[in-house]
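[1] need the 3D shape of this:
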Amino acid sequence: MFKLSILLSLSFSTVSLADTPATQENPAPATENSEPTVTEGDPAQEEVAPAQEAVAELRLAVEVTLSNGIILTGTANQTDVIMWVQTDPLTLYMSEDNEITLEGAQISSIRLVPATPDPIVVEQPALEAAMEPPAESNPASMPTAPEQPAAPVLTWEPYTSPSGFSHPNPAGGRYVYAPTAIPMQQGQAYLSQKYGLISSAAFAITDNLALVFGTFILFPPALTVFGGKYAFEVSEDVHIGFGGEVFMFPIEGELLGTIGFTNITIGDLDNNLTFAVGALSSEMLDTELSMPVMVGFQRRINNKMALVSENWLIFDLDGSNSPLLMNALTMRFLGERADESSYGDRWRTERGFPKKTWDLGFVMFAGEGEFIGPMPWVDWSFHFGPLSR
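    Okay, the predicted model is just below:
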């Protein structure tokens with residue numbers, strides 16, 4: 001029995017030792033779900049790494065028009081083109097190793113360039129066969145080529161005034177004091193300061209109705225004016241308006257006068273001529289009823305200047321006083337700046353249009369045998385609201 005146990009132990013040891021080399025030389029095959037093991041420094045790992053890097057963003061072919069008229073072509077990142085606004089810079093790739101960054105103020109418009117399809121080459125026999133008319137043709141059953149969708153255009157259209165200038169005349173709807181019959185656009189407004197003493201403001205409630213307020217000094221208010229104007233277009237470049245104003249002395253609670261008027265304007269915001277007539281009742285003129293007649297014109301000279309003239313003749317209807325004459329001639333300077341410096345940007349709105357105007361000129365008065373003037377006229381205005389349509 002003892003000998004049999006020793007023989008069995010030796011047999012199992014022999015079998016175990018014989019199986020060990022076979023297991024090392026022939027490892028068990030990997031299952032389908034097992035992941036390959038890559039040791040450090042393995043070339044296979046180095047080849048896989050670049051493939052796992054982020055794919056470069058898609059670029060679109062674009063045509064960029066600069067504010068100075070120069071047109072550049074190249075490619076730009078899709079996200080930059082879709083999300084671009086006027087204030088954002090844009091990186092334009094002229095070639096693989098040449099790129100430029102354009103500031104938003106330098107860009108006038110961006111247009112996507114449609115891809116050019118590859119030419120279709122047709123062999124001569126196939127071309128002749130295609131030109132032969134079919135025996136039975138049914139137009140409804142014949143296939144038609146799909147329509148190519150129009151390329152989307154991302155553009156910031158440059159402004160052109162009625163006379164072809166690159167920015168509008170924001171004060172084109174008024175003269176020195178009197179308004180034209182061209183209405184302000186809804187949301188437009190301005191603040192005006194004359195001599196540092198006379199302040200006035202106007203705001204367009206609708207595209208036809210605007211309210212006006214003015215005072216000789218802000219506090220305490222002396223001579224104060226409230227008024228309004230309603231105007232509309234009757235035909236191309238012809239507008240008619242009417243309105244009125246009330247003159248008060250708030251400190252004394254005294255009504256100094258009222259005026260109602262109607263006017264007609266021929267022209268546009270660059271060049272116009274206005275004729276107005278009304279009825280005036282004022283203690284300041286020592287008359288119960290007068291008839292003022294006004295003729296004014298505005299002539300746009302260039303991007304930065306316009307010539308403005310306003311002329312009044314006030315007739316005393318009861319004949320007790322001689323007519324009163326008032327004339328004004330000014331040069332209106334528009335606050336446009338050609339450079340892109342921070343100083344120039346303070347004078348311009350977001351899209352580069354002027355928001356400040358200066359009127360420099362002379363006014364004079366004559367009546368009852370007296371003549372006053374010419375006196376210097378200085379008016380500074382700040383404009384708000386949307387661009388005139």
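[2] what ranges does this structure have for its helices?
    Secondary structure of the chain by DSSP state H: the helices cover 2-25, 43-51, 78-82, 124-131, 342-345.
[3] buried ones in the third one?
    For helix 78-82, burial by neighbour count (16 or more other Cβ atoms under 10 Å) applies to Asp80, Val81. From N, CA and C alone the C-beta is placed, and that goes for glycine too.
[4] which strands or helices does that helix pack on?
    Counting contacts by 3 or more Cβ pairs under 8 Å, 6 or more residues apart in numbering; DSSP states H and E, helix 78-82 packs against strand 59-66, strand 90-95.
[5] which residue packs closest to Met94, ignoring adjacent ones?
    Gly74 (4.6 Å; Cβ to Cβ, 6 or more residues apart in numbering).
[6] surely the one you found and Leu60 touch.
    No. At 10.0 Å, Gly74 does not count as touching Leu60 under the criterion of Cβ atoms under 8 Å.
[7] so where's the stretch 251-389 of the chain uncertain?
    Along the stretch 251-389 of the chain, the model assigns pLDDT under 70 to residues 284-287, 336-354, 387-389.
[8] run the last query once more with 90
    In the predicted model, the stretch 251-389 of the chain carries pLDDT under 90 at residues 251-257, 281-289, 303-304, 316-323, 334-356, 367-371, 373, 382-389.
[9] right, and Ser290 touches Val277 too?
    No. In this structure, Ser290 is not within contact of Val277 by Cβ under 8 Å, at 11.4 Å.
[10] so which of those two has more stuff around it?
    Higher neighbour count among Ser290 and Val277: Ser290, with 22 against 12, using other Cβ atoms under 10 Å.
[11] so what's that one bridging to?
    On the basis of DSSP bridges, Ser290 is bridged to Leu280, Asp316.
[12] now do the contacts for it.
    Residues in contact with Ser290 (Cβ atoms under 8 Å, 6 or more residues apart in numbering) are Ala279, Leu280, Ser281, Ser282, Ile314, Phe315, Asp316, Leu317.
[13] ok now do the second one, which residues does it touch?
    Counting by Cβ under 8 Å, 6+ apart, Leu280 makes contact with Gly257, Thr258, Ile259, Leu289, Ser290, Met291, Pro292, Ile314.
[14] make a ChimeraX selection of the buried ones in the residues you listed.
    Selection of buried members from the contacts of Leu280 for ChimeraX, criterion 16+ other Cβ under 10 Å:
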select :257,259,290,292,314
